[in-house]
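Chemist: Build the 3D model from these lines:
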Amino acid sequence: MGELAVGTMVRISLHGRRVGGWVVGTADEPETDRPLQPVAKVRGLGPPSEVVDLASWASWRWAGPRVSFLRTASPFNAVRGLPPRSHDENTAAGASDVMRTGVVRVPPAWDPFPLVRDVAAHPDALVLVPSIEQAAALASRLRSEGRPVALLPRDWARAAAGGGTTIGARAAAWAPVGRPGAVLVLDEHDEGYQEERAPTWNARDVAVERARRASAPWLLVSPCPSLEALSLGPLHTVGRAEERAGWPPVEVVDRRKEAPGLGLYSERLVRVLREGGRVVCVLNRKGRARLLACAACGELARCERCDASVEQTGESILRCGRCGAERPTICLACGATRLKVLRVGVTRAREDLERLARRPVAEVTGDAPPDDTSLSAPVVVGTEAVLHRVASADVVAFLDFDQELLALRYRAAEEALALLARAARLVGGRDGGGRLLVQTRLPHHEALDAAVHADPSRLALVESARRVALRFPPEAALAVVSGEAAAEFATAVGGGDVDVLGPAAGDRWLLRAPDHQALCDRLAAVPRPAGRLRVEVDPLRA
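Modeler: Numbering: from 1, shown residues only. Sure, this is the predicted structure:
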């Protein structure tokens, strides 16, 4: 392998055992007078020096250990050498002028491949997509045109050799490309780009930082750009006619004046189900029933262990989603055995829809992989996972969209519009004959208004003003700390530019600062106390 370099993966002897690590710096002379132990083993190539430096920045930015990022940036298997650098005859000599830097808003039905092809004209281009399946599809299309492509994580060595286009999902933000020639992030709004485990880094932000360090052009592409993305660079849009054509018709069913007793199923929905065609129904509640009350005394069905609401998973079983405790269908207050459903789940909805549609109805959730029968059924109901499993539909119906609009998260409106954009891809553009059907008691909500008019800026303007008033990102920087040591740590971090709010749910504290510089500097300066502590910078669920 040659001499050790920054990024090389090694093993060293530490207190009688061998541990793995990375070379993060080299020097001609040691910085200590103590005798140094030799490297026990060279494991193989690791991330280039530029990525090692980036890991140090990410450690500060998301208040986590540098080793977490170095591990993500390293190959799964030992790499002892690299293949020859790829050569792309289609790479343009003046490719740096092909792209503009900023945020690009496109309609949901738009095909991203022409833009991917333009980005691939830059040597060592980096393309991120939300899923590995999408990455594989784009890589295949590029290869069919004779372009050299490295698909991560499988082609780590090819990406490190350079010369082609590197494509991958979230972890590809740490691709072993020293200085990317251009960076493209498709569907930047997608939550899949953010790591849910601490440190909660976001691939979009890592990719933009890499482009800035390499002085390379970057583009964030989305049908509904997040406010965080819009704060990073200028917005570029297609023409209004093209954008409108790329959104399907959105039919809003106002349920405020409907007769009582219809539950989730409006008269308009029933007519659509019986018209024929492929219908996909979305209900983001798993199980048979998610909120129940005693039919005799009216008491809500709760868990006897942690007091959370319980769901009905079978005909006679109640299960707590928080702690997992199970019990028979019995009211703890009066002992009655008959419960009434206040909020149905997907399983119960499938039974109801089958009776109403008079057609077979299949159920799809993210817990279990669907079989071929469920994906080919004329009517499918499921959580939002169904929008990723089904390839196309004539109608996508949201049974309870108010659950999305009123979710207890500051990004609820943005996420609701993103859900509509995802559904729009199943039915196609305005001329495709498909449509979205949205049942709601908030028919004039900004997210629905944006989808109806195929103009996401209608939501962005209102949401931006709301975030400013409430001091939510990108107007401010947030972090959530939790665990047994959270109270001590939050108290130490608070003060000056950092506000401390809480506690909520027992041990969760919210830290808020004017920007990430103030917040992350303070998090880095305060020593971690003993005890369990979790720090989430830019939390998704705040």
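Chemist: Could you pick out the longest helix of this protein?
Modeler: Longest helix in the chain, counting residues (DSSP state H): helix 412-427.
Chemist: Tell me the helix or strand right after it.
Modeler: Using DSSP states H and E, the helix or strand that follows helix 412-427 in sequence is strand 435-440.
Chemist: and His87, which of the three is it?
Modeler: Under DSSP: H, G, I helix; E, B strand; the rest coil, the three-state class of His87 is coil.
Chemist: Report the contact partners of it.
Modeler: Counting by CB atoms under 8 Å, 6 or more residues apart in numbering, His87 touches 148, 163. All C-beta spots, glycine's among them, are computed from the backbone N, C-alpha and C.
Chemist: again, 10 Å this time
Modeler: Contact analysis of His87 by CB atoms under 10 Å, 6 or more residues apart in numbering lists 123, 148, 163-164.
Chemist: Let me know the distance separating Ile317 from Thr383.
Modeler: For Ile317, the distance to Thr383 equals 20 Å [CB to CB, to the nearest Å].
Chemist: And those two? Which one has more around it.
Modeler: A side-by-side neighbour count of Ile317 and Thr383, using other CB atoms under 10 Å, places Thr383 first with 18 against 14.
Chemist: What residues of stretch 188-204 count as buried?
Modeler: Buried residues in stretch 188-204, counted by 16 or more other CB atoms under 10 Å: 188-190, 193-195, 198-204.
Chemist: could you give me the average pLDDT of that stretch?
Modeler: Mean per-residue pLDDT for stretch 188-204: 96.
Chemist: From the opening residue of it to its closing one, how far?
Modeler: 6 Å (CA to CA, to the nearest Å).
Chemist: Now do it: distance to the chain's middle.
Modeler: How far stretch 188-204 lies from its chain's middle: 6 Å, per CA atoms, centre = their mean, to the nearest Å.
Chemist: Repeat that for stretch 153-167.
Modeler: The chain centroid and the centroid of stretch 153-167 are separated by 24 Å under CA atoms, centre = their mean.
Chemist: Which strand residues bridge Val537?
Modeler: Beta-bridge pairing for Val537 (DSSP bridges): Ala479.
Chemist: Wait, it touches His516, no?
Modeler: Yes. Using CB atoms under 10 Å, Val537 is in contact with His516, at 7.8 Å.
Chemist: Could you name every residue contacting both of the two?
Modeler: Common neighbours of Val537 and His516 (CB under 10 Å, 6+ apart) are 60-62, 477-479, 523.
Chemist: from those, which ones fall inside strands?
Modeler: 477-479 (DSSP state E).
Chemist: what's the distance between Val42 and Trp22?
Modeler: 11 Å.
Chemist: Let me know the closest of the ones in strands among the shared contacts of Val537 and His516 to Val344.
Modeler: Using CB to CB, Leu478 comes nearest to Val344 of these, at 33.8 Å.
Chemist: Helices along the stretch 201-350 of the chain, start to end?
Modeler: Here the stretch 201-350 of the chain has its helices, by DSSP state H, counting those that start in this stretch, at 203-213, 227-230, 240-245, 267-274, 346-357.
Chemist: would you turn the ones you listed into CSV with distance to Gly16?
Modeler: Below are these laid out as CSV (distance: least, CB to CB, whole Å):
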stretch, distance to Gly16
helix 203-213, 37
helix 227-230, 47
helix 240-245, 64
helix 267-274, 68
helix 346-357, 54
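Chemist: Out of those, the one nearest Asp118 is which?
Modeler: Nearest of the helices of the stretch 201-350 of the chain to Asp118, taken as CB to CB: helix 203-213 at 15.3 Å.
Chemist: quick one on the thing from earlier: can you name the two of the shared contacts of Val537 and His516 that are farthest apart?
Modeler: The widest separation within these (CB to CB) is 16.3 Å, between Trp60 and Leu478.
Chemist: between these two, who's got more neighbours?
Modeler: Neighbour comparison, Trp60 and Leu478: the larger count goes to Leu478, with 20 against 16 (by other CB under 10 Å).
Chemist: that older thread, name the residues contacting each of Val42 and Trp22.
Modeler: With CB under 10 Å, 6+ apart as the test, Val42 and Trp22 both reach 8-10.
Chemist: Just the buried ones among those, please.
Modeler: 8-10.
Chemist: quick one: which of the residues you listed sit in strands?
Modeler: Judged by DSSP E, these include 9-10 as members of strands.
Chemist: Put together TSV for the buried ones among the shared contacts of Val42 and Trp22, with pLDDT and distance to Arg327 on each row.
Modeler: Formatted as TSV, the buried ones among the shared contacts of Val42 and Trp22 follow (pLDDT from 0 to 100; distance: CB to CB, whole Å):
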residue	pLDDT	distance to Arg327
Thr8	96	56
Met9	96	50
Val10	95	54
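Chemist: Can you lay out the buried ones among the shared contacts of Val42 and Trp22 as CSV showing distance to Phe113?
Modeler: Converted to CSV, the buried ones among the shared contacts of Val42 and Trp22 look like this (distance: CB to CB, whole Å):
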residue, distance to Phe113
Thr8, 37
Met9, 35
Val10, 41
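Chemist: Show me which of the buried ones among the shared contacts of Val42 and Trp22 is closest to Ala486.
Modeler: Nearest member of the buried ones among the shared contacts of Val42 and Trp22 to Ala486, counting by CB to CB, is Met9, at 34.2 Å.
Chemist: Report the contact partners of that closest one.
Modeler: 20-23, 41-47, 70, 74-75, 78-79.
Chemist: cool, Gly432 as well?
Modeler: Neighbouring residues of Gly432 by CB under 10 Å, 6+ apart: 109, 245, 248-249, 392, 394, 424.
Chemist: Inside strands: which ones of those residues?
Modeler: Per DSSP E, the subset of the contacts of Gly432 in strands is empty.
Chemist: and the shared contacts of Val537 and His516, which are buried?
Modeler: 60-62, 477-479, 523.
Chemist: Tell me which of Val42 and Trp22 has more neighbours.
Modeler: Taking neighbours as other CB under 10 Å, Val42 and Trp22 compare with Trp22 leading, 20 against 17.
Chemist: who does that one bridge with?
Modeler: Met9.
Chemist: Which pLDDT value does the model give it?
Modeler: pLDDT, read off for Trp22, is 96.
Chemist: dump the residue contacts of it.
Modeler: Trp22 neighbours (CB under 10 Å, 6+ apart): 6-10, 43, 46-47, 52, 55, 66-67, 70-71, 73-74.
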